[in-house]
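Trainee: need a structure here:
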Amino acid sequence: MADDAPSHATLAVVIPCFRERAHIGKVLAAIPATVAFIYCVDDACPDGTGAYIKENFADPRIRVLFHKKNMGVGGATVTGYRAALEDCADVVIKLDGDGQMNPALIPQFVEPILEGKADYTKGNRFYNLEFARSMPLVRQLGNAALSFLSKFSTGYWRLFDPNNGYTAIHSKVLRLVPLEKLSRGFFFEPDLLFRLNTLRAAVMDIPLVATYGSEKSSLNVSHIVPIFLVRHSVNFLKRILYNYFLRDFSVASIEWVFGPSLLAFGLIFGLFKWHQSAELGVSATAGTVMLAALSVIAGLQLTLSALSFDVDRQPSRPVHPLLRGDEPRITKPDAAD
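Mentor: Numbers count the residues shown, from 1 in each chain. The predicted model follows:
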C-alpha cells in the first residue's frame with residue numbers, strides 16, 4: 001500500500017477535542033480521502049471545539065460527539081472507539097487535534113495492520129535521533145523515563161515513546177479490549193498497551209516527527225511521573241500474574257516467585273544485621289554475611305533470568321488474522337457519552 005488503503009478496508013479516525021479550536025481545522029483538512037469516518041469528540045471543551053466544527057465543516061465524514069462532563073483524553077478516545085465499532089470500521093486511527101501529528105502519515109500506520117504484520121501501531125518520536133531533536137528537552141527526558149517504566153508494565157520491551165497518541169488498531173482486536181477498564185487520563189496509551197499484551201497482540205512502532213508550535217501541553221511531567229510510577233507498578237504485577245500464573249505456568253513463573261523474594265530477603269536481612277552489628281559494636285558472623293550475600297546473588301540472578309524470558313516473550317505474531325471478527329464485545333457504554 002503506497003498512498004491509499006485497499007478498497008475493502010474501512011478506516012475511521014478518532015480525534016479527542018479539548019481546547020483544539022485553533023488547530024482542528026488544519027488537522028481535519030489534512031485527513032486523507034481514504035478515511036471513511038471522522039469522529040471528533042468534544043470532551044466538555046470550554047472553547048466549544050465541537051460546536052465550531054459543526055458550524056464550519058461540511059465534510060459528511062465528520063461526526064461530532066459531545067461529553068456532558070470532561071472525561072479526559074482516554075475517555076474521549078473510548079467514545080470514539082465505540083462509535084467506530086458501531087459503524088463497523090476495520091481499522092481505527094487515533095490522533096490529536098493540536099496539529100502535532102501529521103494526518104498524511106495515516107497510510108503508514110494502517111499498512112502494517114492491513115498486511116497482517118501488526119494488530120496495533122503507534123508513533124515513535126525517538127526512532128530517528130534527528131527527529132527527536134525537534135522535541136523540547138524536558139519532553140525528551142520525561143518521555144525517556146516514562147518509556148522505561150512502560151517496558152516493565154506493558155511487556156513490550158522493544159517499543160519506545162509509550163505515551164505517543166498517534167495510533168491505529170484493528171477492530172477485531174479492539175473489540176476484545178475491555179474499554180470500560182482503561183484509564184481515562186494521560187495514562188490511557190500505556191494502559192491500552194498493557195491490555196493488548198494480555199491479548200498477545202503484536203504492536204509496531206512507526207517513525208514519527210512531531211511538530212511543536214504555539215500549542216501548550218497540559219502534561220506536567222514532574223507531576224505525572226510519580227503517579228505513573230504507581231500505575232505502572234500495579235500493571236506490572238497484574239501482567240505477571242495474568243501471563244505467568246493464570247494463563248500459563250513455566251520455569252519463569254518459579255523465577256518470578258523466588259527471585260524477588262530472595263532478593264528482598266537478602267537486602268532486608270543484610271541491612272538489619274548490619275545495623276544490629278553497628279549498634280552492638282560486634283562484627284557479624286561469616287554465616288550471617290554469607291546468608292545475606294547468597295540470598296541477594298541468587299535472587300538477582302533469578303530475577304534477571306525472569307526478565308530475560310519476559311523480553312523474549314514479547315508478542316510478535318498478529319492475532320487479528322486468527323479472529324473471526326464476530327467475537328462478543330466486552331465493553332460497556334459510558335453514561336456520559
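Trainee: CA only for contacts and neighbour counts going forward, please
Mentor: OK.
Trainee: how about the residue nearest to Asn164 when sequence neighbours are not counted, phi and psi?
Mentor: Leaving aside its chain neighbours, Asn164 sits nearest to Gly123 (5.8 Å; criterion: C-alpha to C-alpha, 6 or more residues apart in numbering). Main-chain torsions, Gly123, degrees, to the nearest 10: phi -70, psi 150.
Trainee: Could you identify the helix or strand that succeeds the one helix or strand in the chain whose mean pLDDT sits lowest?
Mentor: Every helix and strand of the chain was ranked by mean pLDDT, DSSP states H and E. The lowest is helix 129-132, at a mean of 65. Downstream of helix 129-132, the next assigned helix or strand under DSSP states H and E is helix 137-154.
Trainee: That next one packs against which elements?
Mentor: In terms of contacts (3 or more C-alpha pairs under 8 Å, 6 or more residues apart in numbering; DSSP states H and E), helix 137-154 is packed against helix 188-198, helix 221-241.
Trainee: can you pull the buried residues of the last one?
Mentor: Residues of helix 221-241 classed as buried under the neighbour-count rule (16 or more other C-alpha atoms under 10 Å) are 221, 225, 228, 231-232, 235-236, 239-240.
Trainee: Any chance you could list what contacts it?
Mentor: Under the criterion C-alpha atoms under 8 Å, 6 or more residues apart in numbering, residues 139, 142, 145-146, 149-150, 152-155, 187, 191, 194, 198 lie in contact with helix 221-241.
Trainee: For this protein, give me the ranges with low pLDDT.
Mentor: Of all residues in the chain, those with pLDDT under 70 make up the ranges 1-7, 130-136, 139, 210-222, 325-337.
Trainee: So which residues of it form strands?
Mentor: Along the chain, counting by DSSP state E, strands occupy 11-17, 35-42, 62-66, 91-94, 120-124, 167-170, 203-207.
Trainee: how about those strands in a markdown table, adding mean neighbour count and distance to Leu280?
Mentor: Converted to a markdown table, the strands of the chain look like this (neighbours: other C-alpha atoms under 10 Å; distance: least, C-alpha to C-alpha, whole Å):
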| stretch | mean neighbour count | distance to Leu280 |
| --- | --- | --- |
| strand 11-17 | 27 | 63 |
| strand 35-42 | 24 | 66 |
| strand 62-66 | 19 | 69 |
| strand 91-94 | 26 | 63 |
| strand 120-124 | 26 | 56 |
| strand 167-170 | 25 | 60 |
| strand 203-207 | 21 | 56 |
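Trainee: Can you lay out those strands as a markdown table showing distance to Gly270?
Mentor: Listed next are the strands of the chain as a markdown table, based on distance: least, C-alpha to C-alpha, whole Å:
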| stretch | distance to Gly270 |
| --- | --- |
| strand 11-17 | 52 |
| strand 35-42 | 55 |
| strand 62-66 | 58 |
| strand 91-94 | 50 |
| strand 120-124 | 43 |
| strand 167-170 | 47 |
| strand 203-207 | 42 |
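Trainee: nearest to Gln108, of those strands?
Mentor: strand 203-207 (7.4 Å; C-alpha to C-alpha).
Trainee: Give the partner strands of that closest one in its sheet and their orientations.
Mentor: Partners of strand 203-207 in the sheet, by DSSP bridges, are strand 120-124 (parallel).
Trainee: which residues are contacting the strand it pairs with?
Mentor: 109-110, 112-113, 160-162, 164-170, 201-208.
Trainee: Could you list the buried residues of the longest helix seen in the chain?
Mentor: As assigned by DSSP state H, the longest helix anywhere in the chain is helix 251-280. Neighbour-count burial for helix 251-280, counted by 16+ other C-alpha under 10 Å, picks out 252-253, 255-256, 258-267, 269-270, 273-274.
Trainee: Let me know the angle separating that helix from helix 221-241.
Mentor: Angle of helix 251-280 versus helix 221-241, following axes from the mean of the first three to the mean of the last three C-alpha atoms, to 10 degrees, is 120 degrees.
Trainee: Much appreciated, bye for now.
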